[in-house]
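A predicted structure for the sequence below; I have some questions about it.
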Protein chains: 2
Amino acid sequence: MGPFEQLQALVAQDMDAVNTLIRTRMASEHAPRIPEVTAHLVEAGGKRLRPLLTLAAANMCGYQGAHHQLLAATVEFIHTATLLHDDVVDESDKRRGRPTANLLWDNKSSVLVGDYLFSRSFQLMVETGNMKALGILANASAVIAEGEVLQLSAAQDLSTTEEVYLQVVRGKTAALFAAACEVGAVIADAPKAHAQALFAYGDALGVAFQIVDDLLDFGGASATLGKNVGDDFRERKLTLPIILAVAKADTEERAFWQRTIEKGEQLEGDLAHALRLMEHHKTLADTRQRALNWAQMARKALAPLPESELKTVLSDLAGFVVSRVV
Amino acid sequence: MGPFEQLQALVAQDMDAVNTLIRTRMASEHAPRIPEVTAHLVEAGGKRLRPLLTLAAANMCGYQGAHHQLLAATVEFIHTATLLHDDVVDESDKRRGRPTANLLWDNKSSVLVGDYLFSRSFQLMVETGNMKALGILANASAVIAEGEVLQLSAAQDLSTTEEVYLQVVRGKTAALFAAACEVGAVIADAPKAHAQALFAYGDALGVAFQIVDDLLDFGGASATLGKNVGDDFRERKLTLPIILAVAKADTEERAFWQRTIEKGEQLEGDLAHALRLMEHHKTLADTRQRALNWAQMARKALAPLPESELKTVLSDLAGFVVSRVV
């Protein structure tokens, strides 16, 4: 059993309650379109990694109540709302192998049902009555939105640095991972050092997770042309493997990136050439190394927490997240 | 001086602080696109009626602190976020006589900056530390989103009843008016009866306000063809004047509404014909009467509150809101 399945097993009972919350609270009696769209999202599944982190954090900090379930559901609602809006922004037609809501219904429904889920997440966290947890999730929501907007203006801009990339990743992915872990500690009234440790763990895990995602889009560290490879390249998204390749580009290579990414003039064979350039400059291996470093930081961040089965599983999870590209 | 200017004058000092909050909290250091878009929104002005209601409600309930300013700014942020998303959903190109953000930038920016403003509103209210106010605003946000989604599915559907119309209006407009008033009472720790009275006032005022808006789209109670008249008709929006006309339609008239609204096949002269049908069935006058009734309900709702200058102004404001179509 891998670390992810171990995590699922350790919080299975709590997670059942969270899944019930997700199912019941996503419905709306007043607007039939809402349960249609949200049922599609719930059926699509997804790993529910973020709520698992909240439950694990609360339990390893000795929490005895049920409010961590509300916070876990909150985190998943925020995540789902951002997915709905992301698919509108990216004009995506597939998510997790299924048609997106914006394709099945329309952009309008995705925008408004996303807003509904944001509001519902807000209601869920108010039910905990924990102002500190609310503050953390409010801040995370703002950082997520900033990260998404920053990504918009950084997209297709070859001067985007690794630093800006990291800022985007911290916003769009790591902020919610970090908040998911931190609120678990906060609801358990854990010592500040433990809450900070869990925040740092979630942040590093989120960065590792997103870097791996961006690397997998090029087929992983040993890139091969295959199904679903190169979506980010075709959508002219400047992710780390390309940013590192642009930094090492000679004049001719720079012209290639300008044409394909900045101008978006892509021809047959361009993706294969992009992959060759990334192999040549070892940027896929470098990107993988960055992910491994962040996973290592995530593991180290857990040090202040007392030993427990859950701590070991979270530590292993950091390795597991990057194992997808080893 | 009309009631609106009187209201502005009575809370002018508080409103200065709210305007500063709006200016400073809409900016973001991390994503340059955000201050660009929000500056455009702030410059566009708007009446800021909702935050004025929050300030008035808090002051008339004897509130002495400064947290009502945070709540007033919160309410305006929620309103601005919904406007950004509405313009995307409606594919609008003008708002308050100026080009919309989705036209000046793009839909992506409007969706994401709207999300950012929602998150910022959330941070503002967390600063008050008042869980009850947070609950009210969380619920209002959910009702707003439900109202917007309901409007989506009710649009272009001739079977939409006056009841469904009212449900949409209560969601998309009245919920925030009601919450804006109620949180003012709640932050002042007013008796429950006073908070309920202010909620009921805001609800009725909001319904009156939206009915008047929908009536003005047809030029008011004595409709005349002119600039900006009939936008809702062209966009096939089923508002009260049309809903009442459909209810009274004979077979031929019904065919006209089916062609123009359900099928969206509109020809030269159709708007003039629609106006003639509404005049014939007196649905514009009936709509105006509904607005007057809601304004009367708003005034009556204030009864439990002790007499004060602000109470008189709020009462007069209800009349003023519908005076636009008298």
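Nice, thanks for sending it over.

Burial check on residue A:47, number of neighbours?
If you count neighbours by other C-beta atoms under 10 Å in any protein chain shown, residue A:47 ends up with 10. In short, each C-beta sits where N, CA and C put it, glycine included.

Doesn't it lie inside a helix?
No: counting by DSSP: H, G, I helix; E, B strand; the rest coil, one finds residue A:47 to be coil, located in no helix.

Now do it against chain B, distance only.
23 Å (C-beta to the nearest C-beta, to the nearest Å).

Show me the strands paired with the helix or strand bottoming out on mean pLDDT in chain A, marking each as parallel or antiparallel.
Using mean pLDDT, DSSP states H and E, the weakest-scoring helix or strand in chain A turns out to be strand A:94-95, at a mean of 72. Strand pairing for strand A:94-95, using DSSP bridges, gives strand A:98-99 (antiparallel).

Within range of chain B, give me the residues from the stretch 51-200 of chain A.
Proximity of the stretch 51-200 of chain A to chain B, by C-beta under 8 Å from any C-beta of the partner chain, involves residues A:82, A:85, A:88-89, A:107-109, A:111-116, A:118-120, A:122-123, A:126, A:129, A:131, A:134-135, A:138-139, A:141-142, A:144-150, A:152-153, A:167, A:171.

Helices of the stretch 151-300 of chain A, start to end?
Using DSSP state H, counting those that start in this stretch, the helices of the stretch 151-300 of chain A run over A:162-169, A:175-187, A:192-216, A:231-234, A:240-247, A:251-257, A:270-280, A:283-301.

likewise the stretch 1-150 of chain A?
A:3-10, A:12-26, A:33-43, A:49-60, A:67-89, A:101-104, A:107-128, A:131-154.

Report the contact partners of the residue of the stretch 201-326 of chain A at minimum distance from chain B.
In the stretch 201-326 of chain A, the residue found nearest to chain B is residue A:235; the distance is 12.6 Å by C-beta to the nearest C-beta. Applying C-beta atoms under 8 Å, 6 or more residues apart in numbering or on different chains, we find residue A:235 in contact with residue A:90.

Over to residue A:30?
B:146, B:147, B:150, B:167, B:171.

and with 6 Å instead?
Going by C-beta atoms under 6 Å, 6 or more residues apart in numbering or on different chains, residue A:30 touches residue B:146.

go on, residue A:116?
A:34, B:145.

The one 4 residues further on now?
Contacts for residue A:120 were tallied using C-beta under 6 Å, 6+ apart; they are A:25, A:77, B:142.

Check the gap between the first one and residue A:85 for me.
Taking C-beta to C-beta, to the nearest Å as the criterion, residue A:25 is separated from residue A:85 by 19 Å.

Those two: who's more crowded?
residue A:85 (27 against 19).

and that one, how far is that from residue A:9?
Using C-beta to C-beta, residue A:85 is found at 33 Å from residue A:9.

Tell me which of the helices of the stretch 1-150 of chain A lies nearest to residue B:275.
With respect to residue B:275, and counting by C-beta to C-beta, the nearest of these is helix A:107-128 at 27.9 Å.

Quick check: buried residues in the closest one?
A:107-126, A:128 (16 or more other C-beta atoms under 10 Å in any protein chain shown).

check contacts around the spatially most central residue of chain A.
Centrality entry for chain A: nearest residue to the mean C-alpha point is residue A:173, 3.8 Å, by C-alpha atoms, centre = their mean. The contact partners of residue A:173, taken as C-beta under 6 Å, 6+ apart, are A:206, A:210.

Distance of it relative to chain B?
As judged by C-beta to the nearest C-beta, residue A:173 and chain B stand 15 Å apart.

same thing with residue A:157?
12 Å.

which one is that residue nearest to, not counting chain neighbours?
The shortest distance from residue A:157 to any non-neighbouring residue, by C-beta to C-beta, 6 or more residues apart in numbering or on different chains, is to residue A:238 (7.0 Å).

Cool, thanks, signing off.
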